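K.L.:
Sequence and predicted structure, then a few things I'm wondering about:
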Amino acid sequence: MNIAFDAKRITHNATGLGNYSRFVLGTLTEFLPENRYLLYSPSVGNPELYRQLLTHRSVRLFTPHRALALMGGSLWRNFSVPRHLRTQHVDLFHGLSNELPVGLYNARRVGTVVTIHDLAFIRYPQFYKAIDRLLYRKKYGASARHADRVITVSEATRRDVIDIFGVEEERVTTVYQGCSEAFSRITPEETQASRGLFALPRRYILFVGSIEERKNLGLIVEALSLLQDKELHLVAVGRKTPYTQLVLERARRLGVLSRLHLLHGVSGGNLPGIYAGAEVFVYPSRFEGFGIPIIEALSAGVPVIGATGSCLEEAGGPSSLYTDPTDASMLATLIDRVVIDISLRKKMIEDGLHYVQRFTPKRIAKDLSAIYEEVLLTYE
């Protein structure tokens with residue numbers, strides 16, 4: 001099977017959709033090496049992000065010639081790529097980040113699959129610019145309605161795609177995300193190396209994610225000031241945004257600035273060790289499509305506290321704890337419970353390691369392959 005993918009996120013994004021896209025490709029090359037995988041990106045981006053993928057003989061990266069690139073990556077992606085797919089005898093195109101090239105709409109020559117990660121811009125419009133909301137609704141909605149099959153990364157997003165975009169239920173399937181197996185194979189040496197490299201405190205709560213308002217790091221800062229255990233610090237790893245300054249100001253006002261540690265630009269190779277050193281992982285995001293950091297924490301054997309209101313219960317499972325994303329006092333109480341109650345902590349870790357097995361790469365490869373095969377059957 002010849003399968004093509006939009007690879008802009010693979011080549012350019014170090015987190016989020018980039019990690020998802022690289023995970024999917026890495027999983028497919030490992031468990032379905034007999035296929036041919038074609039990656040289409042408007043430029044080479046950062047080769048360090050995907051160098052490992054290109055070591056597989058089945059993977060090939062395509063970028064536009066300089067003249068086409070100067071005309072605009074969007075034009076190339078939407079109209080030149082569909083023509084190129086036919087010259088490469090591509091069987092199926094998978095849009096990994098919410099959209100498909102316009103030139104594939106109703107083409108009926110290439111099977112189409114699109115992954116929709118979330119509709120946060122509709123559910124929480126206050127976190128997005130008006131022009132972005134308009135463009136996302138137009139592009140994502142059209143892609144979902146034209147694709148042969150839609151993949152969602154949670155049941156919550158599946159319901160949104162069906163209800164908001166009007167896509168038939170039988171065309172939408174949930175395939176959960178996973179994370180690198182590096183998070184389940186952390187050595188004490190890695191943990192110690194990360195602790196020294198980033199001067200981590202002896203005991204800390206961990207948060208991983210872009211430091212933006214929707215992710216709600218400020219709630220953890222407030223909870224930090226309410227904890228019984230005043231020796232516990234907060235380490236936050238993520239991309240810096242204007243919201244970061246608000247978090248710092250809140251920490252200063254609450255008297256916990258010295259216990260807050262912000263880390264930006266941390267490489268993926270150093271993350272597992274940072275996870276493993278944490279006493280508890282806290283992710284009180286108001287809305288997520290899934291929540292890969294929760295899967296990473298569970299895989300690393302760290303108890304998790306998520307938030308109610310979206311799909312984080314799907315990622316964390318029944319033994320993780322969940323806070324109201326507006327209630328700092330409730331979050332502080334849950335953190336104190338995890339830190340103080342040794343039996344609860346042990347159960348959360350053991351159950352989490354068992355629960356996270358449903359997100360293994362092998363299972364995800366099987367689910368993706370089944371969807372691809374179903375699409376191709378409609379073209380025979």
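P.N.:
Looks like it came in fine. Computed from a predicted model, the values in this text were never measured in an experiment.
K.L.:
Could you use CA atoms for every contact and neighbour count after this?
P.N.:
Fine.
K.L.:
Pretty sure residue 105 sits against residue 146.
P.N.:
Yes: assessed by CA atoms under 8 Å, residue 105 is found in contact with residue 146 at 5.8 Å.
K.L.:
Run a quick neighbour tally on residue 138.
P.N.:
12 (other CA atoms under 10 Å).
K.L.:
again, but for residue 102
P.N.:
By other CA under 10 Å, neighbour count at residue 102 equals 19.
K.L.:
Could you find the closest non-adjacent residue to it?
P.N.:
residue 78 (5.0 Å; CA to CA, 6 or more residues apart in numbering).
K.L.:
and the gap between the closest residue to residue 247 other than its chain neighbours and residue 366?
P.N.:
In space, and not counting its chain neighbours, residue 247 is closest to residue 218: 5.3 Å by CA to CA, 6+ apart. Taking CA to CA, to the nearest Å as the measure, residue 218 falls 39 Å from residue 366.
K.L.:
Check residue 172 too.
P.N.:
Taking CA to CA, one finds residue 172 at 17 Å from residue 366.
K.L.:
Which one's more surrounded, those two?
P.N.:
Per other CA under 10 Å, whichever of residue 172 and residue 366 has more neighbours is residue 172, with 25 against 15.
K.L.:
hang on, the more buried one packs against residue 150?
P.N.:
Yes: proximity of residue 172 to residue 150 meets the contact threshold set by CA under 8 Å, at 4.7 Å.
K.L.:
now the strands for this protein?
P.N.:
2-6, 36-40, 59-62, 92-95, 111-116, 149-152, 172-174, 204-208, 233-237, 260-263, 280-282, 304-307, 321-323 (DSSP state E).
K.L.:
contacting residues for residue 156?
P.N.:
By CA atoms under 8 Å, 6 or more residues apart in numbering, the residues touching residue 156 are 289, 310-311.
K.L.:
just for the stretch 251-380 of the chain, where's the confidence low?
P.N.:
The stretch 251-380 of the chain contains residues with pLDDT under 70 at 380.
K.L.:
Include neighbour count when you put the contacts of residue 156 into JSON lines, please.
P.N.:
Listed next are the contacts of residue 156 as JSON lines, based on neighbours: other CA atoms under 10 Å:
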{"residue": "289", "neighbour count": "21"}
{"residue": "310", "neighbour count": "21"}
{"residue": "311", "neighbour count": "22"}
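K.L.:
Rebuild those as JSON lines, extending it with distance to residue 344.
P.N.:
Conversion of the contacts of residue 156 to JSON lines gives the following (distance: CA to CA, whole Å):
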{"residue": "289", "distance to residue 344": "28"}
{"residue": "310", "distance to residue 344": "24"}
{"residue": "311", "distance to residue 344": "23"}
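K.L.:
between these, which is nearest residue 128?
P.N.:
Set against residue 128, the nearest of those by CA to CA is residue 289 (15.5 Å).
K.L.:
Which residue is the nearest non-sequential neighbour of the closest one?
P.N.:
Closest to residue 289 by CA to CA, 6+ apart is residue 118, at 4.4 Å.
K.L.:
I'd like the distance between the one you found and residue 254.
P.N.:
34 Å.
K.L.:
Neighbour count for those two, which is higher?
P.N.:
A count of neighbours by other CA under 10 Å puts residue 118 above the other of residue 118 and residue 254, at 25 against 14.
K.L.:
Just list the residues touching residue 11, thanks.
P.N.:
18, 41, 43-47, 49-50.
K.L.:
Show me where the stretch 51-200 of the chain dips below the pLDDT cut-off.
P.N.:
Using pLDDT under 70, the flagged stretches of the stretch 51-200 of the chain are 66-72.
K.L.:
now the helices: where do they sit in it?
P.N.:
Secondary structure of the stretch 51-200 of the chain (DSSP state H, counting those that start in this stretch): helices at 66-71, 73-75, 81-87, 120-123, 130-146, 155-165, 188-197.
K.L.:
so which of those is the most packed in?
P.N.:
helix 155-165 (a mean of 19; mean count of other CA atoms under 10 Å).
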